[in-house]
Each structure stands twice: as C-alpha cells, then as structure tokens.
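Chemist: Quick one, what's the 3D model for this:
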Amino acid sequence: MAEFENKYVAAIDQGTTSTRCIIFDHDGAIVAVGQYEHEQIFPQKGWVEHDPIEIWDNTRRAVGAALADSDVAREDILAVGITNQRETTVVWDKNTGEPVYNAIVWQDTRTTKICDELAGEHGPERWRDTTGLLLNSYPSGPKVKWILDNVEGARERAEAGDLLFGTIDTWLIWNLTGGAEGDQGEPALHVTDVTNASRTLLMDLRTLKWDESICEAMGIPPSMLPEIRPSVGDFRAVRQRGTLAGVPISGVLGDQQAAMFGQACFRPGDAKNTYGTGLFLLLNTGTTPKWSDHGLITTVCYQVEGQKPVYALEGSISMGGSLVQWLRDNLQLIPNAAAIENMARSVPDNGGVYIVPAFSGLFAPRWRSDARGVIVGLTRFANRNHLARAVLEATAYQTREVADAMVADSGVPITNLKVDGGMVMNELLMQFQADILGTNVVRPKIIETTALGTAYAAGLAVGFWDSLEQLKEQGGIGQVWKPKMDQEEVDRLFAEWNKAVERTYNWEDGE
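Modeler: Numbering: from 1, shown residues only. Model (predicted):
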C-alpha cells in the first residue's frame, strides 16, 4: 500500500540469551537487525540470573544498531512492540531505578522449597484453577517472594511502596517511558500485558486482575504490581530522548505468545512449537480457558484492546537450544551451534545414546522438580557424534511428549506443526521431528516469528495493518517435512527415550 511505503514497525525482542531490535516493513519483511548477547550468571547450582541494567543498556544499543543498519529515520517508525522472556523477574527501586537484585531467570530452581511450603497440603495445584499454572519454580511470583525474603531491607522497602516488580517487558517499558526521572513530569509507566501477567502465578485468568489472596499468601505488597493491559493497545510513547523518542509502544506479548501471533495462530486449534532456549508448544483454545488433565498449563494467548482475551494450552520445556549451548560451552564438543548438524549426520543413528536434559528438573508434561539430567546407553562404541545426535533427538522426543499431551487434552490431532526459532534451520532435526511426531512439520518463510508477532501486534494497534485476517495472509510456507520413518522404529526409539527419562527421577530427594 502506497501510504505505508517507507514506513516501518520496530520490535524489541528481549530473549534469554540476547536482546534484539528488528525493523519490519509493511510486507512483514526484515529490514534491519541489531543484536547483543548478555551474560548468563550462575551463582550456585540451579540458580540462573541476568543483570537487568545490562539488558536495558543492550536494548538501547540494539535499537541504535538496527536504525543505523537500515538508514530508517525515527519518524518513519510508526510503532514499537516488545516481546520478552516471560517469567524472568526484576525488582527495583522506583526512586533510583536500581534493581535490588539480579533478574531471576525463568529456568532458576532456587524457589523449589518456597513452592513446597506454599503448596502445603494442597499440593502444586493449589492455585491452578485460578491461574492456570502449577505452583513450582517456573512462575514469577515465588521469585519475587525469594527476593523480598532474602535481600536485606527489601521487604521493608516494598511495604513502604518504594519497590516495583515486573517481568522484563515491564522493566523495559518503565525505562523507555522515563525511568526514575519520569517522562515530562509524569511518572514512568509501570505496566504489563495479559500474557506476561498470566505467567506470574498472581493473576486470575478469568478476570485478568491480580488475585489479592494469592499475593497475600506470598507476602507480595500490591503496590509492587504493574497495571495489566491488553497485548494490542496503548502503552504510551517512548520517552523524549533516545533513538525511538516519541514512537508509541502499542504491542506487548510474552515471547511464546508473540510467536503464536507471528505464526497467525488466531483460530482455535492452531498450534506452533518454538525451538529457542527452551521448547514451547502452544495450542489456541479460543476465548474460554481450558484446563489440562495431562500436565499442560493454561495461559493467555493474546488480547486485542476492546475484545475478549484468547487463551492457549502450553507445554513448556526448559532445555532446547540451551542444550546445544551446553554441548558447545560446557563440554566443548562442538565449535559452534551450526556444526552440530554435520556431526549428527556423520552417524546413521544415536548409537543407543540418549540425553535427557533435566538440568532444571522436567517441565511439561511430567513436572518433576526432583529430576536431573542424564546421559544413558553409553558404550565404547559411542563418540561425540552420537552425543551430538542425541542432543538433537532429545529436542524432538520432548516435543512429542508435549504434543501427545495436547492431543489427549484437546481431542484434536495435530496434522501440521508450525515451527519457529533458531533451531528450525537444522534440517536433520526437522525431519526427525516429523518422523517422531508422525505429522508434517511446517517452517514459515520468516522464522523470526517472535519479533514478527510483536511487530504485528504493535502495527495492528496503530492501523499499519488492518486486521487479523490481513496478518494471516502475510505469512507463507518456507519448507515442509513429512514423516518417513517406519512406525515400528519410531515406537522403539520413543520407548527407549521414556526408559531414559525414568532414570532421571528422584535424583534430588533428600537435599
């Protein structure tokens, strides 16, 4: 459309390992990218942290780099969307802008004991009917409680109204709209969207409001909590200095919900799997939340301002691409992530080796916080190429487990699995995924669907795109993998995988 020629939407994609700014044109094509990695901090076994100040600094650098790379003027950016790693938790002083502690990352397991105490005789399903989530170390709420209980003076400052809590979207919006200094005399905006709020264990899924009784049980003062807003709507303009000054923030989605938006999964029954740091399979269930009987969680998929929220079932797996990183960085068995495919292709099969990456316990659908990672089936025959193949296969097996649970809950077979994320460029993995699932695996033309999704949301809010229907027409299929493996072989491999997973149980008992 001529009116949108040379006009663009920016997406800030704040992920677990890096922060990116991607600029999209009206066709949804990528115009420019700026990206910076941040440090992964591991203070103790099971603890994972990020520096919120580093993330904020990298956000500004990424935006500047994308604009410089594209020669796009700020005035030609009509809106900016934000998508983020979801449960990662920041608590900061609203007067100084200083975090009271590092961000506690979604993979962190230090709150397991807190969760056990909160669960008591009710068990991990204590607040599931209200929040859609299990009471475990994954959501944000127990992380906030840990900070208030363990950082000196934090609880007193929180009760005095001086501390704010937010997931990473909230932290970035607060800084983008003025931070401690405010914006033209107004205080900075302390908000989140419904998708991120639904990952805290503090929001009622039906009312989309904070649940006072849960906040009280966790000892979290209501004054710390951000205002909850629809995903597609008004989040104010960026503060009046910096590279995006004056550009409206009009779309905010947690990363997996953003990927659903980017894949145009707007109809009940639409599903996608993201192969990122973790693995996340989501199924759109429409405007009524559905509760799982097979280990999945219920979450908000998105909400357009003035409309009912749309819900999803989700299976979350903590180790996907991060298992490849572990093979590269901790074991130093591969020189870079891309090398894993050629190594895995150099052997005809896994040589009987299975890797179960329960580094932070097992997430969906098993939810075993007592589990820890194992490598099984080792013989003198096994070499590093078999380990490389076992890493890729673990990704496909974990996805199969979640897909089976999703079909059992919904009663709807998954005939096409839409996929996105960095690992989908690995064609060996995609073919093995199709084989193990017994269904087609479909990769879109644009695989940066997380950033694209939040760009879609932001652009939709300001009229850059007209409707969800128009967005459905935007995408296109890049490649399709169809199952080829004999069913008897699939059954044998999956049975051995299940045997390997059971070896991870009860490792943490008694600690």
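
Chemist: Can you pull out the low-pLDDT segments for the stretch 151-300 of the chain?
Modeler: Low-confidence regions of the stretch 151-300 of the chain, defined by pLDDT under 70, span residues 183-184, 240-242.

Chemist: hmm, try it at 50
Modeler: Low-confidence segments of the stretch 151-300 of the chain, defined by pLDDT under 50, are absent.

Chemist: Equivalent analysis for the chain, please.
Modeler: Across the chain, the ranges flagged by pLDDT under 50 are 510-511.

Chemist: longest helix in it, by residue count?
Modeler: Secondary structure of the chain read by DSSP state H shows that its longest helix is helix 384-410.

Chemist: all helices for the stretch 251-400 of the chain, in order.
Modeler: Under the criterion DSSP state H, counting those that start in this stretch, helices of the stretch 251-400 of the chain are mapped to 255-262, 321-329, 339-345, 384-410.

Chemist: Highest mean neighbour count out of those helices?
Modeler: With neighbours defined as mean count of other C-beta atoms under 10 Å, the helices of the stretch 251-400 of the chain peak in mean count at helix 255-262, which reaches a mean of 31. To be clear about C-beta, it is placed using only N, CA and C from the backbone, and glycine gets the same treatment.

Chemist: give me the beta-bridge partners of Tyr8?
Modeler: The residues paired with Tyr8 through beta bridges, assigned by DSSP bridges, are Ile77.

Chemist: gap between it and Trp174?
Modeler: As defined by C-beta to C-beta, to the nearest Å, Tyr8 lies at a distance of 25 Å from Trp174.

Chemist: can I assume Ala79 sits in a helix?
Modeler: No: assignment of Ala79 by DSSP: H, G, I helix; E, B strand; the rest coil gives strand, placing it outside any helix.

Chemist: which residues touch it?
Modeler: Residues in contact with Ala79, defined by C-beta atoms under 8 Å, 6 or more residues apart in numbering, are Val9, Ala10, Val247, Pro248, Ile249, Ser250, Gly251, Ala458, Gly459, Ala461, Val462, Phe464.

Chemist: Now intersect those residues with the strands, please.
Modeler: For the contacts of Ala79, the ones inside strands are Val9, Ala10, Ile249, Ser250, Gly251, with DSSP state E as the criterion.

Chemist: pretty sure Thr109 contacts Gly361?
Modeler: Yes: when contacts are counted by C-beta atoms under 8 Å, Thr109 is listed as touching Gly361 (6.4 Å).

Chemist: Now do the shared contacts for the two.
Modeler: When contacts are counted by C-beta under 8 Å, 6+ apart, the set common to Thr109 and Gly361 consists of Ser137, Ser369.

Chemist: ok so, going back, which among the ones in strands among the contacts of Ala79 gets closest to Ala32?
Modeler: Proximity to Ala32 was ranked across the ones in strands among the contacts of Ala79 by C-beta to C-beta; first place goes to Ala10, at 9.3 Å.

Chemist: Just to check, that closest one is in contact with Val247?
Modeler: Yes: Ala10 lies in contact with Val247 (C-beta under 8 Å); the separation is 7.2 Å.

Chemist: And the two? Which one has more around it.
Modeler: The residue with the greater number of neighbours, taking Ala10 and Val247 and applying other C-beta atoms under 10 Å, is Ala10; the counts read 34 against 23.

Chemist: check contacts around the closest residue in space to the more buried one that isn't next to it in sequence.
Modeler: The spatial neighbour of Ala10 that comes closest, neighbours along the chain excluded (C-beta to C-beta, 6 or more residues apart in numbering), is Val80 at 4.5 Å. For Val80, the contacting residues are Val9, Ala10, Ala11, Ile12, Val238, Leu244, Val247, Pro248, Ile249, Ser250, Gly251, Ala458, by C-beta under 8 Å, 6+ apart.

Chemist: quick revisit: output the helices of the stretch 251-400 of the chain in CSV, with distance to Lys308 appended to each entry.
Modeler: CSV is the format used below for the helices of the stretch 251-400 of the chain (distance: least, C-beta to C-beta, whole Å):
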stretch, distance to Lys308
helix 255-262, 15
helix 321-329, 34
helix 339-345, 43
helix 384-410, 20
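
Chemist: for the ones you listed, which one sits closest to Asp420?
Modeler: Closest to Asp420 of the helices of the stretch 251-400 of the chain is helix 255-262 (C-beta to C-beta; 5.5 Å).

Chemist: Next, count neighbours for Ile23.
Modeler: There are 25 residues near Ile23, going by other C-beta under 10 Å.

Chemist: is it in a bridge, and if so with what?
Modeler: Ala10, Ala32.

Chemist: who's more crowded, Thr109 and Gly361?
Modeler: Between Thr109 and Gly361, counted using other C-beta under 10 Å, the more crowded position is Gly361 (24 against 20).

Chemist: Thought Ser369 was touching that one, still the case?
Modeler: Yes: Gly361 is within contact range of Ser369, at 4.1 Å (criterion: C-beta under 8 Å).

Chemist: what do those two both touch?
Modeler: Where contact means C-beta under 8 Å, 6+ apart, the residues bridging Gly361 and Ser369 through contact with each are Thr109, Ser137, Glu508.

Chemist: rewinding a little: who wins for most neighbours among the ones in strands among the contacts of Ala79?
Modeler: Counting neighbours by other C-beta under 10 Å, the one among these with the most is Ala10, which has 34 neighbours.

Chemist: My reading is that Arg61 lies in a helix. Confirm?
Modeler: Yes: the assignment for Arg61 is a helix, going by three-state DSSP.

Chemist: List the contacts of it.
Modeler: Applying C-beta under 8 Å, 6+ apart, one finds that Arg61 lies in contact with Gly34, Tyr36.

Chemist: Could you measure from it over to Ala382?
Modeler: With the distance defined as C-beta to C-beta, Arg61 ends up 43 Å from Ala382.

Chemist: Would you mind giving the domain segments of the chain?
Modeler: Domains of the chain are assigned by the TED database as 8-245, 265-510.

Chemist: what do Ala10 and Val247 both touch?
Modeler: Taking C-beta under 8 Å, 6+ apart as the contact rule, the neighbours common to Ala10 and Val247 are Ile77, Ala79, Val80.

Chemist: Tell me, how many residues neighbour the first one?
Modeler: Burial measure for Ile77: 24 neighbouring residues, criterion other C-beta under 10 Å.

Chemist: OK, contacts around it?
Modeler: Counting by C-beta under 8 Å, 6+ apart, Ile77 makes contact with Tyr8, Val9, Ala10, Ile23, Leu244, Val247.

Chemist: Touching, the first one and Val31? I think so.
Modeler: Translated: Tyr8. Yes: here Tyr8 reaches Val31: they are 6.2 Å apart, a contact under C-beta under 8 Å.

Chemist: and of the contacts of Val80, the nearest to Gly351?
Modeler: Looking at those and their distance to Gly351, the nearest is Ala11, at 41.7 Å (C-beta to C-beta).
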